[in-house]
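Fold the stuff below for me.
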Amino acid sequence: MMKQLLAFLVLMFSCSTLLTAQDTLDVAPGQATLETAINNDVNADGSRKNPNRVYKLESGGAYLMVSKIIFEDASATLTIVSPEGGKKALIVPSVDKDGNGPVQTIGDITGSLKLKNLYVVGKSTAGHFIDGLFYMHTDNQRVETENCVFDMVYRTYFDYMDVSDGAVLKTVNTYFRDLDDTEQQWGARVMEIKSPADTIWMENTTISNAGIGLVMQGSVVDFFYVNHCSFINAFRYPLLVHYFEEGYITNNLFVNGNMMGECPNIYKSGQDPDGLHHGMITVDTLEAGHYYNPGDLISMDDVKVYVADNINYYNPLLDHYYNGEYNDVGDYPVSQLGWFVTGVVPVENTPTVWMNDRTAAFFTDYANIKEENNHNYDLDPQLVTPGIASKEVVDHMASYMRNRYGFYEELVLDRNWNFGDRDALTVPGIETEDGNGIYKISDLVEDFTPQNAAAVSNIDGFKIGALHWIDSEMAQWDSEKGMKKVLQGYDGTLGVEERINESQHGFSLGQNHPNPFSATTSISFTVPRSSHVTLKVYDVAGREVTTLVDGVRSTGTHSIELDASGLHRGLYFYRLKSGEFSQTRKLILAK
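As a prediction, the model looks like this:
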């Protein structure tokens with residue numbers, strides 16, 4: 001556990017001290033004010049006057065960039081913030097006074113980068129996409145984002161391709177919205193790196209309409225922590241990662257991941273290391289070539305991987321695409337791609353598996369590689385804003401996806417499945433795309449809150465997915481406690497009593513007995529004081545099946561019997577609620 005705690009303490013310490021230890025320069029809104037303030041803050045020899053100065057933007061201010069930020073100090077951190085609690089400052093590429101531009105990237109950064117409470121747009125006011133938002137240079141640098149929204153980028157937000165070793169990416173309460181790449185199916189990503197990384201930490205982060213969420217291909221990640229994140233509509237893989245020393249993928253929502261599907265003519269040609277279905281979750285053997293320093297190679301017996309309490313779901317409307325409705329009559333179409341395969345090949349897409357046979361074998365063969373409580377296509381989270389709203393949206397997506405396979409006669413560019421209006425001239429407001437700014441991510445027009453009562457984490461009791469869509473849960477979130485729960489889950493020490501006594505005010509819900517059961521089963525629960533409680537049973541679709549308790553119960557432990565004579569066999573959930581307390585467990589009817 002020492003590595004996890006050290007990683008956590010280092011990241012937390014850097015965040016807590018960054019704004020208090022350094023001086024601050026206020027930057028007024030306007031055209032070119034941001035890059036001018038940063039680029040000109042240098043001495044005569046070009047060195048930074050104060051390398052770790054914090055550039056503070058006005059709440060809700062609009063900063064139009066006509067040239068890129070150039071920050072060159074490998075020992076320093078460029079920090080751009082707007083005040084907490086206020087509207088997010090807007091950063092958007094523009095054109096200069098003569099109409100020239102737009103700027104091709106927001107920044108070339110030789111050093112580390114910290115962004116907080118910002119709304120950053122990757123499309124210029126002239127309608128051009130920015131080809132990569134921030135380019136990171138030199139090894140052992142970090143990017144940290146907190147309370148940010150990044151909207152409409154082309155290709156990638158953070159390009160680490162010049163970084164050979166020691167990269168760190170940490171995103172907390174951040175939304176990467178409506179990415180794009182009209183040239184190839186793998187584009188449109190948050191992070192691109194193909195070298196060893198020290199830490200990738202994503203917590204309460206949402207990525208929507210991406211090509212690939214994270215590209216960590218062919219190299220090891222020392223510490224990989226993805227907790228309470230939502231991946232909505234990924235044309236390819238939300239997490240293209242194979243190699244972990246420590247990896248924790250927990251409490252995440254994967255909706256319509258790898259929509260393009262898996263085609264054997266492609267994945268057998270090198271997409272997966274063993275020519276298998278890639279899968280949403282992948283693990284492979286560590287080898288010396290995955291490291292910057294081959295001497296750092298560790299045994300698979302020393303690897304730690306924990307995949308738990310995730311929901312993987314795709315909208316059944318995509319079956320029109322997978323079942324061949326858009327294919328040529330009587331035959332599959334052929335791909336015209338020149339990479340992965342030589343010549344044209346048929347494309348026979350099927351939905352992506354949760355994990356391939358190789359990955360599943362790791363979870364079976366190694367006690368240190370663990371998986372539990374995951375839902376694979378069996379639980380509809382019932383998002384307030386669905387990833388796919390209609391068959392018409394699938395029609396457009398299918399054309400887009402087929403074009404990505406090389407059917408170049410098909411192309412729909414309107415991207416009507418995006419959640420924003422893709423217009424850099426409009427400023428998002430509360431529940432509108434044409435407003436005057438937002439305070440928090442839940443102000444946006446979309447809402448990825450799971451409405452299914454069964455979409456609750458066994459690890460910490462919160463809703464599965466990014467919590468920034470649910471103001472009440474985000475207000476209760478504690479990062480340190482959240483990580484502690486994940487580590488306890490991996491170690492097998494996450495018991496009901498500890499979870500309840502620590503964070504749920506003494507309420508507890510016991511596991512039904514027997515389980516599985518064939519006719520009746522007993523459910524017990526504990527009430528710390530006389531309280532009104534409800535105990536309800538739901539099916540896997542989140543529909544209420546029956547109410548077992550709805551009334552005041554006195555202090556102590558209570559037991560109630562569930563008669564399942566009128567139910568079909570299968571998986572069900574039961575949920576105890578009282579005030580802010582809520583806990584959900586599973587039961588299996590096996591008659």
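
Low-confidence bits of the chain, can you list those?
For the chain, applying pLDDT under 70 flags the ranges 1-22, 96-102, 182-185, 265-271, 328-348, 406-414, 493-505, 591.

which SS state does Thr547 fall under?
At Thr547 the chain is in strand, as set by DSSP: H, G, I helix; E, B strand; the rest coil.

Regarding the nearest residue to it once chain neighbours are set aside, what is its secondary structure?
In this structure, Thr547 finds its nearest non-sequential neighbour in Lys536, 5.0 Å apart by Cβ to Cβ, 6 or more residues apart in numbering. Every C-beta, even on glycine, is put in place using the N, C-alpha and C of the backbone. For Lys536, the assignment made with three-state DSSP gives strand.

Ok, Glu35 next?
Put simply, Glu35 is helix when judged by three-state DSSP.

show me the contacts for the residue nearest to Thr547.
Ala453, Glu544, Val545, Thr546, Thr547, Leu548, Tyr574, Arg575, Lys577 (Cβ atoms under 8 Å, 6 or more residues apart in numbering).

which one among those residues gets closest to Leu562?
Of all the contacts of Lys536, Leu562 sits closest to Leu548, with 6.4 Å by Cβ to Cβ.

how many other residues sit next to that closest one?
By the criterion of other Cβ atoms under 10 Å, Leu548 has 17 neighbours.

Then Asp131?
Quick note: Asp131 (other Cβ under 10 Å) scores 16 neighbours.

I'd guessed it sits against Tyr157; true?
No. In this structure, Asp131 is not within contact of Tyr157 by Cβ atoms under 8 Å, at 11.3 Å.

that older thread, buried subset of the contacts of Lys536, written for ChimeraX?
Per 16 or more other Cβ atoms under 10 Å, the buried members of the contacts of Lys536 correspond to this ChimeraX selection:
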select :453,545,548,574,575,577
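
Looking at the contacts of Lys536, which is nearest Pro516?
When these are compared against Pro516 (criterion: Cβ to Cβ), the nearest one is Tyr574, at 13.9 Å.

tell me which strands and helices the helix or strand harbouring Val226 is in contact with?
Assigned by DSSP states H and E, Val226 belongs to strand 214-227. Using 3 or more Cβ pairs under 8 Å, 6 or more residues apart in numbering; DSSP states H and E, the elements in contact with strand 214-227 are helix 2-21, strand 189-193, strand 197-210, strand 239-250, helix 479-491.

at 6 Å what do you get?
The contact analysis (3 or more Cβ pairs under 6 Å, 6 or more residues apart in numbering; DSSP states H and E) places strand 214-227 against strand 189-193, strand 197-210, strand 239-250.

Show me which positions of it end up buried.
Buried residues in strand 214-227, counted by 16+ other Cβ under 10 Å: 214-216, 218-227.

for stretch 167-178, same thing?
So, applying 16+ other Cβ under 10 Å, buried residues of stretch 167-178: Ala167, Val168, Leu169, Lys170, Thr171, Val172, Asn173, Thr174, Tyr175, Phe176, Arg177, Asp178.

The residue nearest to the last one when sequence neighbours are not counted is in what secondary structure piece?
Distance criterion Cβ to Cβ, 6+ apart; nearest residue to Asp178, sequence neighbours excluded, is Asn418 at 4.4 Å. Here Asn418 sits in a region with no helix or strand, counting by DSSP H and E.

Tell me how many other residues crowd Asn418.
Counted with other Cβ under 10 Å, Asn418 comes out at 18.

Phi and psi next, for the residue nearest the centre of the chain.
With distances taken as Cα atoms, centre = their mean, Cys229 lies nearest the centre of the chain, 3.9 Å away. Backbone torsions of Cys229, given as degrees, to the nearest 10, read phi -120, psi 160.

wait, what's in contact with it?
Residues counted as contacts of Cys229 (Cβ atoms under 6 Å, 6 or more residues apart in numbering) are Met202, Thr205, Asn252, Ala466.

please redo it, this time with the cut-off set to 8 Å
Met202, Glu203, Asn204, Thr205, Thr206, Ile207, Asn252, Leu253, Gly465, Ala466.

one step back: nearest to Arg553, of the helices and strands packed on strand 214-227?
Here strand 239-250 is closest among the helices and strands packed on strand 214-227 (Cβ to Cβ), at 32.0 Å.

Return the list of strands paired to the closest one, each annotated with direction.
Counting by DSSP bridges, the strands paired with strand 239-250 are strand 214-227 (parallel), strand 304-308 (parallel).

how far off strand 197-210 does that strand point, in degrees?
100 degrees (axes from the mean of the first three to the mean of the last three Cα atoms, to 10 degrees).

chain center to the following helix or strand past strand 239-250, what's the gap?
Next in sequence after strand 239-250, counting helices and strands by DSSP H and E, comes strand 253-255. Averaging C-alpha positions (Cα atoms, centre = their mean, to the nearest Å) puts strand 253-255 9 Å from its chain's average.

Who does strand 253-255 pair with, and is each partner parallel or antiparallel?
strand 230-234 (parallel), strand 311-313 (parallel).

And for the last one, what's in contact with it?
When you say that, I think you mean strand 311-313. Applying Cβ under 8 Å, 6+ apart, the set of residues contacting strand 311-313 is 252-257, 280, 354, 374-377, 379-381, 450, 455, 464-465.

Please apply the same query to the first one.
The set of residues external to strand 230-234 that reach it, using Cβ under 8 Å, 6+ apart, is 205-213, 238-239, 252-259, 383, 387-388, 417, 448, 465-466, 469.

Distance from that strand to the middle of the chain?
On the basis of Cα atoms, centre = their mean, strand 230-234 sits 7 Å off its chain's mean C-alpha point.

just the angle between that strand and strand 189-193, please?
Relative orientation of strand 230-234 and strand 189-193, computed by the same axes, to 10 degrees: 90 degrees.

Val95 is nearest to which of the strands paired with strand 239-250?
Using Cβ to Cβ, the strands paired with strand 239-250 put strand 214-227 closest to Val95, at 30.8 Å.

Let's see that closest one as PDB, backbone CA atoms only.
The C-alpha trace of strand 214-227 is given here as PDB (Å, rounded to 0.1, in the frame of the first residue of the first chain):
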ATOM      1  CA  LEU A 214      -6.500   7.600 -23.000                       C
ATOM      2  CA  VAL A 215      -3.700   6.300 -25.300                       C
ATOM      3  CA  MET A 216      -1.100   4.400 -23.200                       C
ATOM      4  CA  GLN A 217       0.100   2.000 -25.800                       C
ATOM      5  CA  GLY A 218       3.000  -0.400 -25.500                       C
ATOM      6  CA  SER A 219       4.300   1.100 -22.200                       C
ATOM      7  CA  VAL A 220       3.800   0.500 -18.500                       C
ATOM      8  CA  VAL A 221       2.000   2.800 -16.100                       C
ATOM      9  CA  ASP A 222       3.500   2.700 -12.600                       C
ATOM     10  CA  PHE A 223       0.300   3.900 -10.900                       C
ATOM     11  CA  PHE A 224      -3.100   3.900 -12.800                       C
ATOM     12  CA  TYR A 225      -6.100   5.100 -10.800                       C
ATOM     13  CA  VAL A 226      -9.500   5.700 -12.500                       C
ATOM     14  CA  ASN A 227     -12.300   6.100 -10.000                       C
END
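
how far off helix 479-491 does it point, in degrees?
Using the same axes, to 10 degrees: strand 214-227 against helix 479-491 is 100 degrees.

How far off centre is strand 214-227?
13 Å.

Stretch 170-183 too?
On Cα atoms, centre = their mean, the centre of stretch 170-183 falls 9 Å from the chain's centre.

Can I get it in CSV, CA atoms only?
Presented in CSV, the C-alpha positions along stretch 170-183 are these (Å, rounded to 0.1, in the frame of the first residue of the first chain):
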residue,chain,number,x,y,z
LYS,A,170,-4.2,14.0,-12.9
THR,A,171,-7.7,15.1,-13.7
VAL,A,172,-10.2,15.8,-10.8
ASN,A,173,-13.8,17.0,-11.3
THR,A,174,-13.1,17.6,-15.0
TYR,A,175,-15.2,17.2,-18.2
PHE,A,176,-13.6,16.5,-21.6
ARG,A,177,-16.5,17.3,-24.0
ASP,A,178,-17.2,16.4,-27.6
LEU,A,179,-13.8,15.6,-29.0
ASP,A,180,-13.3,15.2,-32.8
ASP,A,181,-11.0,13.9,-35.5
THR,A,182,-12.3,13.6,-39.0
GLU,A,183,-9.2,11.9,-40.3
